[in-house]
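**Student:** What would the 3D arrangement of this be:
(chains A, B and C)
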Amino acid sequence: MTVQSDAAVEVRGLVKAFGTRRVLRGIDLRVRQGEFMTLFGPNGAGKSTLLKVLATLSRPTSGSAHVAGRDVRSEATEVRRLIGVVPHESLLYEDLTPRENLRFYARMYDVPRAGQRIQEVVEMVGLSGRMDDRVGTLSRGMQQRLSIARALLHDPPLLLLDEPHTGLDQQALTTLRDVLCDALKRGRTIVMSTHSLDEGVRLGTHAAIMVRGRIAYEERAETFDAQALAREYERCTGARA
Amino acid sequence: MSGFWGKATAIVVKDVLAELRRKDVAASMLVFALLLLVVFNFAFDITAENEDLLGAGVIWATFTFAGVLGFTRSFVLEKEKDCLSGLMLCPVDRASIYAGKMIASLAFMLLVEAIALPLFAVLFDLDVFQLGMLPVVLLATVGFAAVGTLFSAVAVNSRARDIMLPLLFLPVVVPVIIAAVKSTQHILAGDPWSELWSWLEIMAAFDAVFMVISSYMFEFVTEQ
Amino acid sequence: MNRLHALLHHRRLPDALLALSFGLMAGTLYLIFMYVPTEESMGIVQRIFYFHVPIAWVASLAFFIVFVCSIGYLATRTQGWDRVAYCAGEIGVLFTTLVLITGSLWAKPAWGTWWEWEPRLTTSLVLWLIYLAYILVRSYAADSTQGARFAAVVGIVGFIDVPIVFLAIRWWRTLHPSPVVFEGGSLTGAMRLTLMISLASFTLLFAHLLLRRVQVRRLADEVELLSQEIEEREEL
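**Tutor:** As a prediction, the model looks like this:
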């Protein structure tokens, strides 16, 4: 059921349980269009699960989640068109080349003028040189960049990233920052989970700290004070950020 | 390419391309099929006297078990780097994804059968190159692929994936195994086409029913 | 609808069914061993028929319930449907095992072998394997919700498969006629009466077992839910 909302993401009372274990224990969240939402929290807090629910990969147990006004349960296909997901795994076929991977996904997403668009995203992430090498031969940083390219292929208004900074080399980190910055300028909405406080507050306009399936702290700001946030993190979780 | 079949074709192309690079699924199925043929030869003590009787059974036991191997491999590869999630993220009808995976598995199995059958003909001196074998092999393999694709998606998401697929798959495809063996026996014995009819019918009915059901059920099996 | 729901969940209903079932079963045993005359061709061992057929009927009924509840679960995602499906599945395995055992017990004196690959017995064996898969797929799933979902798929696919299996096996076996099966001759009045009462008796027993099992499982689920809540509260 489509909801009248100008919010990019609208989550109400979201609960996700695996058997009896509740990973998300009632999340209420509203992400406005154009915001850069960062999710902080220790392992097991439910950040990945929340992102998976928004990505329509995981079905809510109860409560509701809407992306661009569309229900993730009943209007999943529409939601999928509107989101670009960069999860922890690369989602890339290792035996195929970047070109073949992107061609495949371009077909699946009905990307118009695919060849041109592929060229665009590849240049955006700086992978023009390695388009015809098997993905399995690329470094993690390059694979991550390719993964981002894949997410951008169909030009989605919402980007979901699950801890994209882990294990990246400097070049890939820079590319990631540039891509996110550029996306923000174009009016895209971003929801990102990360362990890195610095990266999270760099471009962030909306931050939340998740603990044990709930949002323990939430703040909106033009720019963030990393130290204040770090203190808040320690308060909520009892550990250093 | 858009639409149901366009997307399914894209998946088939992708699987075939990956297989050409990797040579994993079809190759392992083929090797396994060969091993089985040899083992069955010893296990059933195939001689010139009994090869007419046992031949059909050996063929289809081989294809059944090679098929189980193949379906598992196909989804294990998809699970690598969580590509299965990648597929699920696409704004594509789940039935379309099922169709793509099923046709790809079907193609690999048919390839393996095309190579194994001549080998079988040589090893056991049985004339399998009759026109009747074509519909039998096709219908039986479609039945295997229809059920195998659904259940391997279940198995690959379970903890004991090696036992899960045979456990789910084998009881359900019993009708296909029976029909395939019976038809092959008739063909090898040179019986008239009328004998084949009822068996082909049962396989066709099985295929139709299970392709439809599996494409519906696929969505529930790939959810998280 | 609500009154039906309240009736089915009444704490005392399984007890009432047990009492009824006990009484009816006692009557059935009398009929089977005292009342109905011995069949001419097969002798005393034929009396297993009055157990075997109702047990087979219950096994099929249980599987049908698994089928319906699996559809219900996938459509509504309410735990109640899955609970009934699970319990029906458990009882179904039990009764299918009994079908195979009573079948063997009958086969040995009747045909000289413990087993014959004749259509009904063989279909029961395949059914038993599908039931087994139904139970095991839950144990091997990552969590109980996924297990419920997978099991529902197996329950639906399996149920649709069984008639096709039976047909295939029957055609397979008409070429090698097996010893005259369980349909030896027509039933006399006394035999029909005994069979009917036995059917009713076993169905009642099944209803009792199912209701009782579902109640117990519901309590177990509630306990788990409560302990989960306590755990969550302790974490805070």
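
**Student:** Let me know the pLDDT of residue 35.
**Tutor:** All of this is about chain A. Note on residue A:35: pLDDT of 92.

**Student:** The intended chain is chain C.
**Tutor:** pLDDT at residue C:35 comes out at 78.

**Student:** That one and chain B, how far apart?
**Tutor:** Distance of residue C:35 to chain B, computed by Cβ to the nearest Cβ, to the nearest Å: 39 Å. Yep, even glycine has a C-beta here, placed from its N, CA and C like the rest.

**Student:** okay, now that residue: neighbour count?
**Tutor:** When neighbours are counted by other Cβ atoms under 10 Å in any protein chain shown, residue C:35 registers 14.

**Student:** One more: residue B:197?
**Tutor:** 11.

**Student:** so it is in which element?
**Tutor:** Assessed by DSSP states H and E, residue B:197 sits inside helix B:193-222.

**Student:** What residues sit buried inside that helix?
**Tutor:** Neighbour counts using 16 or more other Cβ atoms under 10 Å in any protein chain shown place B:195-196, B:199-200, B:202-203, B:205-207, B:209-211, B:213-215, B:217-222 of helix B:193-222 among the buried residues.

**Student:** Can you list the buried residues in the lengthiest helix in chain A?
**Tutor:** What stands out as the longest helix in chain A, according to DSSP state H, is helix A:170-185. For helix A:170-185, a neighbour-count test (16+ other Cβ under 10 Å) marks A:172, A:173, A:175, A:176, A:179, A:180, A:183, A:184 as buried.

**Student:** what do you get for stretch C:68-77?
**Tutor:** Neighbour counts over stretch C:68-77 (16+ other Cβ under 10 Å) mark C:68, C:69, C:70, C:71, C:72, C:73, C:74, C:77 as buried.

**Student:** which residues sit against that stretch?
**Tutor:** Residues outside stretch C:68-77 that contact it (Cβ atoms under 8 Å, 6 or more residues apart in numbering or on different chains) are B:220, C:78, C:81-82, C:84-85, C:88, C:148-149, C:151-153, C:155-156, C:159.

**Student:** Looking at the residues you listed, state which has the most neighbours.
**Tutor:** residue C:155 (31 neighbours).

**Student:** Among the buried residues of helix A:170-185, find me the one that's closest to residue B:127.
**Tutor:** residue A:172 (61.0 Å; Cβ to Cβ).

**Student:** how much space between the nearest residue to residue B:93 once chain neighbours are set aside and chain A?
**Tutor:** Once flanking residues are discounted, residue B:93 sits nearest to residue B:4: 6.2 Å by Cβ to Cβ, 6 or more residues apart in numbering or on different chains. From residue B:4 across to chain A, the span is 12 Å (Cβ to the nearest Cβ).

**Student:** Same check on residue C:111?
**Tutor:** 48 Å.

**Student:** How many neighbouring residues does that residue have?
**Tutor:** 15.

**Student:** Please apply the same query to residue A:239.
**Tutor:** As a burial measure, residue A:239 scores 8 neighbours (other Cβ under 10 Å).

**Student:** and it, helix, strand or coil?
**Tutor:** Of the three states, residue A:239 takes coil under DSSP: H, G, I helix; E, B strand; the rest coil.

**Student:** got a list of what it touches?
**Tutor:** By Cβ under 8 Å, 6+ apart, the contact set of residue A:239 is A:42, A:233.

**Student:** who's residue A:192 bridged to?
**Tutor:** On DSSP bridges, the residues paired with residue A:192 through beta bridges are residue A:38, residue A:161.

**Student:** surely it meets residue A:202?
**Tutor:** No: under the criterion of Cβ atoms under 8 Å, residue A:192 makes no contact with residue A:202, lying 10.7 Å away.

**Student:** Next secondary structure after the helix or strand that contains residue A:49?
**Tutor:** Per DSSP H and E, residue A:49 falls inside helix A:47-54. Downstream of helix A:47-54, the first helix or strand assigned by DSSP H and E is strand A:62-67.

**Student:** Give me the helices and strands touching that next one, please.
**Tutor:** The contact analysis (3 or more Cβ pairs under 8 Å, 6 or more residues apart in numbering or on different chains; DSSP states H and E) places strand A:62-67 against strand A:7-18, helix A:47-54.

**Student:** Off-centre distance for the helix or strand just after the first one?
**Tutor:** The helix or strand immediately downstream of strand A:7-18 is strand A:21-32, counting by DSSP H and E. For strand A:21-32, the distance from its own C-alpha centre to the chain's C-alpha centre is 16 Å (Cα atoms, centre = their mean, to the nearest Å).
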